[in-house]
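S.K.: I'll drop the sequence and a predicted model, then ask my questions.
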Amino acid sequence: MGIEKFEDIIAWQKAKEMAILIYNNFNESKDFGFKNQIQRAGVSVMNNIAEGFERKTNNEFKQFLYIAKGSCGEVRSMLYLVKELNSIPESIFNKLYSLAEEISKILSGLIKTL
């Protein structure tokens, strides 16, 4: 049984979970530039998976998965900054970082199958 819609892709499901966590945990941040950037990067992961899938060609899908993977890296990089600045609890950092890392690994595996 293949994937029929992007909502079936585990990486997309986890990316949606990550985006929601990012929005919930940075919604009150007064650093509007940072908040905007990490939210955009988080949403970019799920949107690029969806957009690539809808293109219906493996080459384009793969290209968008690489972009999504890059956005995962951006999220992880930004998380280090807020951790070092003590702007988020360690538990939130760990949850978001682990999720971004897991998504990146899933994307790598998916890219290899295309």
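M.R.: Ah, there it is.
S.K.: got the contact list for stretch 18-35?
M.R.: 38-39, 42-43, 45-46, 75, 78, 81-82, 87-88, 92, 95-96, 99-100, 103 (CB atoms under 8 Å, 6 or more residues apart in numbering). Any C-beta I mention is one placed from the backbone N, CA and C, and that applies to glycine too.
S.K.: And the pLDDT for Glu102?
M.R.: pLDDT, Glu102: 98.
S.K.: Could you do Met1 as well?
M.R.: Looking at Met1, its pLDDT is 58.
S.K.: Closest to the centroid, which residue in the protein?
M.R.: Val45 (3.8 Å; CA atoms, centre = their mean).
S.K.: and it, what element?
M.R.: Assessed by DSSP states H and E, Val45 sits inside helix 32-54.
S.K.: CA atoms only for that helix, dumped as CSV, please.
M.R.: The C-alpha atoms that make up helix 32-54 are tabulated as CSV, following Å, rounded to 0.1, in the frame of the first residue of the first chain:
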residue,chain,number,x,y,z
PHE,A,32,9.3,39.0,17.2
GLY,A,33,12.1,38.5,14.6
PHE,A,34,13.2,35.2,16.2
LYS,A,35,9.6,34.1,16.8
ASN,A,36,8.7,34.8,13.2
GLN,A,37,11.7,33.0,11.8
ILE,A,38,11.4,29.8,13.9
GLN,A,39,7.7,29.6,13.2
ARG,A,40,8.3,30.0,9.5
ALA,A,41,11.1,27.4,9.5
GLY,A,42,8.8,24.9,11.4
VAL,A,43,5.9,25.4,9.0
SER,A,44,8.3,25.2,6.0
VAL,A,45,9.1,21.6,6.9
MET,A,46,5.5,20.4,6.7
ASN,A,47,4.6,22.6,3.7
ASN,A,48,7.6,21.5,1.6
ILE,A,49,6.7,17.9,2.2
ALA,A,50,3.2,18.5,1.1
GLU,A,51,4.1,20.7,-1.9
GLY,A,52,6.7,18.2,-3.1
PHE,A,53,4.3,15.3,-2.8
GLU,A,54,1.7,17.1,-4.8
